[in-house]
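[1] no sequence for this one, just the structure:
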């Protein structure tokens with residue numbers, strides 16, 4: 001077909017439905033010429049059929065032992081994991097990629113999922129976590145990336161990111177912590193954090209507050225918890241503390257960018 005006289009480079013565009021709007025130009029499609037007497041038999045188009053033979057679909061690869069892991073394209077979540085996480089909203093949000101994370105690439109989601117699974121108390125081994133990551137990739141249409149070195153590195157980094165919780169339960173050598181040192185599900189940790197912050201401010205309003213030190217993972221929401229607690233009580237502070245002075249709360253952040261972001265949220 002000679003297309004030098006028009007912008008048409010796709011034969012399918014000849015068949016735009018009359019009356020619809022062309023999104024690129026905003027013009028409404030109209031019929032320029034119509035001859036209802038013209039009719040075509042299907043066999044008249046036989047000579048235009050493509051002669052190229054379509055390639056046969058590749059046979060799906062089976063499980064392969066690669067290093068210390070078995071790379072299986074049909075890998076599934078461990079049954080003990082399914083039983084434990086059926087009603088876990090945090091797991092469901094990660095599994096369905098609905099959780100807000102910075103790195104939304106497939107490898108970014110792999111790390112977040114591996115980190116979450118490695119922190120569970122059901123003690124999943126590397127093979128079980130790798131199987132979970134492979135199924136998650138297939139579920140979302142990603143390349144399963146059947147290389148053990150990739151999954152071993154991802155899982156190792158995920159476990160290392162949790163290592164302070166496992167290997168450093170005490171801030172002072174020889175002194176056992178009074179706080180729980182075991183890893184808990186994220187949703188439970190968020191609820192516990194908010195409850196501790198709320199209780200601290202209630203004691204502060206009664207002028208009974210002591211120093212409070214919270215040791216938890218980065219990104220748990222400490223700043224947000226403080227903001228919520230203060231916002232809920234901002235009218236009570238001057239009255240119940242018998243002072244007209246504003247309550248001073250200082251936030252320390254490592255970069256100006258984070259400071260600007262915090263200011264916008266408030």
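    Ah, there it is. Predicted model only: the values in this text are computed from it and were never measured.
[2] ok, the residue of the chain most remote from its centre to residue 102 distance?
    In the chain, counting by CA atoms, centre = their mean, residue 37 sits farthest out from the average C-alpha position, at 58.0 Å. Relative to residue 102, residue 37 is positioned 63 Å away (criterion: CB to CB, to the nearest Å). In short, each C-beta sits where N, CA and C put it, glycine included.
[3] before we move on, what about residue 227?
    Look at residue 227 and residue 102: by CB to CB, they are 20 Å apart.
[4] for residue 206, same thing?
    Using CB to CB, one gets 39 Å for the distance from residue 206 to residue 102.
[5] Comparing these two, which shows the higher neighbour count?
    Using other CB atoms under 10 Å as the criterion, residue 206 and residue 102 rank with residue 206 on top: 10 against 7.
[6] In terms of pLDDT, where does the more buried one sit?
    Looking at residue 206, its pLDDT is 70.
[7] And residue 95, by the same measure?
    With respect to pLDDT, residue 95 has a value of 91.
[8] And for residue 47?
    Reported pLDDT at residue 47 in the predicted model: 83.
[9] do the same with residue 154
    You'll see residue 154 listed with a pLDDT of 93.
[10] Just list the residues touching it, thanks.
    Counting by CB atoms under 8 Å, 6 or more residues apart in numbering, residue 154 touches 107, 110-111, 114, 133.
[11] 10 Å - rerun?
    For residue 154, the contacting residues are 107, 110-111, 113-115, 126, 129-130, 133, 145, by CB atoms under 10 Å, 6 or more residues apart in numbering.
[12] ok, of those residues, which one's closest to residue 219?
    Ranked by distance to residue 219 (CB to CB), those are led by residue 115 at 10.8 Å.
[13] Pop out the phi and psi values for that closest one.
    phi -60, psi -40 (degrees, to the nearest 10).
[14] cool, and residue 159?
    Residue 159 adopts backbone torsions of phi -70, psi -40, taken as degrees, to the nearest 10.
[15] same check, this time on residue 121
    With angles defined as degrees, to the nearest 10, residue 121 sits at phi -90, psi 10.
[16] Going through the contacts of residue 154, which ones are buried?
    110-111, 113-115, 126, 129-130, 133 (16 or more other CB atoms under 10 Å).
[17] how about the helices in the protein?
    Taking DSSP state H as the criterion, the chain carries its helices at 79-85, 89-95, 106-118, 126-139, 148-167, 186-205, 222-233, 237-240, 256-265.
[18] Quick one: mean pLDDT for stretch 259-266?
    On average, the pLDDT along stretch 259-266 is 75.
[19] residues in contact with it?
    With CB under 10 Å, 6+ apart, stretch 259-266 has contacts from 223-224, 227, 230-231, 251-253, 255.
[20] These into CSV, with extra columns for neighbour count and distance to residue 216?
    Below are the contacts of stretch 259-266 laid out as CSV (neighbours: other CB atoms under 10 Å; distance: CB to CB, whole Å):
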residue, neighbour count, distance to residue 216
223, 14, 12
224, 15, 13
227, 17, 16
230, 15, 19
231, 10, 21
251, 13, 16
252, 6, 16
253, 12, 17
255, 8, 21
